[in-house]
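J.: Just a sequence and a predicted model for now, questions to come.
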Amino acid sequence: MTDFAATKAMFYLPEGMIYLDGNSLGPLPKAAEARVARTITAEWGEKVITGWNRAGWMAQPTALGDRIARLIGAEPGHVVLGDTLSIKVYQALAAAIDLVPDRKVILTDNGNFPSDIYMAEGLIKSLGRGHELRVVDPQDVENHINDDLAVLMLTQVDYRTGRLHDMADLTAKVHAVGAVASWDLAHTAGAMAVDLKGCNADFAVGCTYKYLNAGPGAPAFIYVSPRHINTCQPALSGWLGHEAPFAFDLDYRPGTGIERMRVGTPSVLQMAALDASLDIWDQVDMDDLRTASIALTEQFIAGIEAQCPMLTLASSRNPQERGSQVSFAFEHGYAAMQACIARNVVGDFRAPNIMRFGFCPLFIDASDVDAAINVITDVMTNRLWDHPDYKRVSRVT
């Protein structure tokens, strides 16, 4: 059994803060400070450029990828870190398209994160091969899986509502029509158990700054199935994805296995922070995590609905159909969230009217949920949100 009281003690949170925004930016693992400091002084400082070999910097993307693989049900040697999530979305989609060259439809839903859609639109435009991005309602995705489909590109958990797609079922239906599935795990990795191997996923991508707590700007990851890894062609033929980068050949030859999906120089300091966070994750059973997450979200929904009838549940009521977040709709949601944050209950807002709360059992427990319910109830019933200070919209919401 996972000891969540022990994991909670491993995170730094400001005194009195109830942090329900780990689904947007995970809090600081206490060990990360010393781990990054050691990388700066003992590695970068003392070893300078020799750190690429002597400190193992060049091997970090695949070594840490294997540690993330356990959390997402991936085979060892098939996950690599680097670059941003948008870059990895682009890589996965480009490789997937080339596996089905005679089809032109890319299917996604309007609950997908806009950046994923932007990257798909940009790729289609640059290719100029007549591809169509078909954007449908989440509940209609299955109805559009047919013989025209090339690639299904979905975020497994909707960033606004927490709606959870059935990866195994949809991937099986995609394969049945001869298409390919690419999954974005931005709101799944570290939130619940994932089984990429068992679901027979073709590609998956995700980030490490949310539930995996690697800090702002931390690198993304990409997964490629064993059946594709030696044949898929990387659209971004970066130096470190070359078969022999230090041969400095002028012609690109893709590297072996998952190495071919590397692009740019590893972000060594961020990977040091991720390494410290994964030391905590190594102690976590993902089934225990999911059980605890459901209990916390159910407790939160029951408490808010009992005390705040002006808020409307925007997430699925069935816990098996949502990730590890709960969203409520409210006309003045932005101001209400700012009022909650001012009282040390931190969630976030997603346009046009969504108050979003994330639940990570690694540092949130039942007492935190009760305290958060009390604060939110006070804000809502006493209209504390109705103040000009809370209505001035910041650049980041």
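T.: Received it, and whenever you're ready, just let me know what you need.
J.: For the rest of this, base every contact and every neighbour count on C-alpha atoms.
T.: Fine.
J.: Strands of the stretch 51-200 of the chain, start to end?
T.: Here the stretch 51-200 of the chain has its strands, by DSSP state E, counting those that start in this stretch, at 79-81, 105-109, 132-136, 149-155, 180-184.
J.: Would you point to the one among these that's packed deepest?
T.: Mean neighbour count, computed with mean count of other Cα atoms under 10 Å, is highest for strand 79-81 among the strands of the stretch 51-200 of the chain, reaching a mean of 30.
J.: Distance from the chain centre to that strand, please.
T.: Distance, stretch centre to chain centre, for strand 79-81: 14 Å (Cα atoms, centre = their mean, to the nearest Å).
J.: do the same with stretch 33-41
T.: Using Cα atoms, centre = their mean, the offset of stretch 33-41 from its chain centre is 25 Å.
J.: thinking again about what came up before, tell me which of the strands of the stretch 51-200 of the chain approaches N353 most closely.
T.: Nearest to N353, of all the strands of the stretch 51-200 of the chain, is strand 105-109, at 19.3 Å by Cα to Cα.
J.: Each with direction, which strands does that closest one pair with?
T.: strand 132-136 (parallel), strand 149-155 (parallel) (DSSP bridges).
J.: Those strands into JSON lines, with extra columns for distance to Q283 and mean pLDDT?
T.: JSON lines is the format used below for the strands paired with strand 105-109 (distance: least, Cα to Cα, whole Å; pLDDT from 0 to 100):
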{"stretch": "strand 132-136", "distance to Q283": "39", "mean pLDDT": "98"}
{"stretch": "strand 149-155", "distance to Q283": "27", "mean pLDDT": "98"}
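J.: hmm, back to that, reformat the strands of the stretch 51-200 of the chain as JSON lines; add distance to A5.
T.: Converted to JSON lines, the strands of the stretch 51-200 of the chain look like this (distance: least, Cα to Cα, whole Å):
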{"stretch": "strand 79-81", "distance to A5": "30"}
{"stretch": "strand 105-109", "distance to A5": "38"}
{"stretch": "strand 132-136", "distance to A5": "42"}
{"stretch": "strand 149-155", "distance to A5": "31"}
{"stretch": "strand 180-184", "distance to A5": "30"}
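J.: T265 is nearest to which of those strands?
T.: strand 79-81 (10.5 Å).
J.: how close does the nearest residue to R290 once chain neighbours are set aside get to M167?
T.: Using Cα to Cα, 6 or more residues apart in numbering and skipping residues adjacent in sequence, the residue nearest R290 is M192, 5.1 Å away. In this structure, M192 and M167 are 13 Å apart, going by Cα to Cα, to the nearest Å.
J.: Likewise for V174?
T.: Distance from V174 to M167, by Cα to Cα: 10 Å.
J.: quick one: low-confidence parts of this protein?
T.: Nowhere does the chain drop to pLDDT under 70.
J.: ranges for the helices of it?
T.: 4-8, 30-38, 46-47, 51-54, 60-72, 85-99, 114-127, 167-176, 196-199, 268-281, 286-307, 333-342, 366-381 (DSSP state H).
J.: To V205, which of those lies closest?
T.: helix 85-99 (6.2 Å).
J.: Next, the angle strand 105-109 makes with that closest one.
T.: In terms of direction (axes from the mean of the first three to the mean of the last three Cα atoms, to 10 degrees), helix 85-99 departs from strand 105-109 by 140 degrees.
J.: count of residues packed around P14?
T.: By the other Cα atoms under 10 Å criterion, the neighbourhood of P14 contains 10 residues.
J.: and the residue nearest to R290, what does it touch?
T.: M286, D287, L289, R290, G323, S324 (Cα atoms under 8 Å, 6 or more residues apart in numbering).
J.: List the residues that contact the closest residue to the fifth one other than its chain neighbours.
T.: Read that as G323. Nearest residue to G323, sequence neighbours excluded (Cα to Cα, 6+ apart): G162, at 5.2 Å. Applying Cα under 8 Å, 6+ apart to G162 gives the contacts S315, S316, R322, G323, S324, Q325, V326, S327.
J.: Inside strands: which ones of the residues you listed?
T.: Q325, V326, S327 (DSSP state E).
J.: buried subset of the residues you listed?
T.: Neighbour counting by 16 or more other Cα atoms under 10 Å classes Q325, V326, S327 among the ones in strands among the contacts of G162 as buried.
J.: Please identify which of the contacts of M192 is nearest to A181.
T.: Nearest to A181 out of these is G323 (Cα to Cα; 19.7 Å).
J.: Could you measure from the closest one over to A42?
T.: Relative to A42, and taking Cα to Cα, G323 is found at 40 Å.
J.: got it, and D251?
T.: For D251 relative to A42 (Cα to Cα), the value is 37 Å.
J.: Which one of those two is surrounded by more residues?
T.: Comparing D251 with A42 by other Cα under 10 Å, the one with more neighbours is A42, at 14 against 7.
J.: Quick test: name the residue nearest the centre of the chain.
T.: Centroid check for the chain by Cα atoms, centre = their mean gives A186 as the closest residue, at 1.5 Å.
J.: And that residue, how far from G215?
T.: Plainly put, A186 is 14 Å away from G215 if you go by Cα to Cα.
J.: follow-up on the earlier one: dump the helices of the chain to a markdown table, plus distance to M261 and mean neighbour count.
T.: Output for the helices of the chain, formatted as a markdown table (distance: least, Cα to Cα, whole Å; neighbours: other Cα atoms under 10 Å):
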| stretch | distance to M261 | mean neighbour count |
| --- | --- | --- |
| helix 4-8 | 33 | 16 |
| helix 30-38 | 26 | 17 |
| helix 46-47 | 28 | 14 |
| helix 51-54 | 19 | 14 |
| helix 60-72 | 11 | 21 |
| helix 85-99 | 8 | 23 |
| helix 114-127 | 17 | 15 |
| helix 167-176 | 22 | 17 |
| helix 196-199 | 18 | 16 |
| helix 268-281 | 17 | 22 |
| helix 286-307 | 27 | 18 |
| helix 333-342 | 39 | 23 |
| helix 366-381 | 41 | 18 |
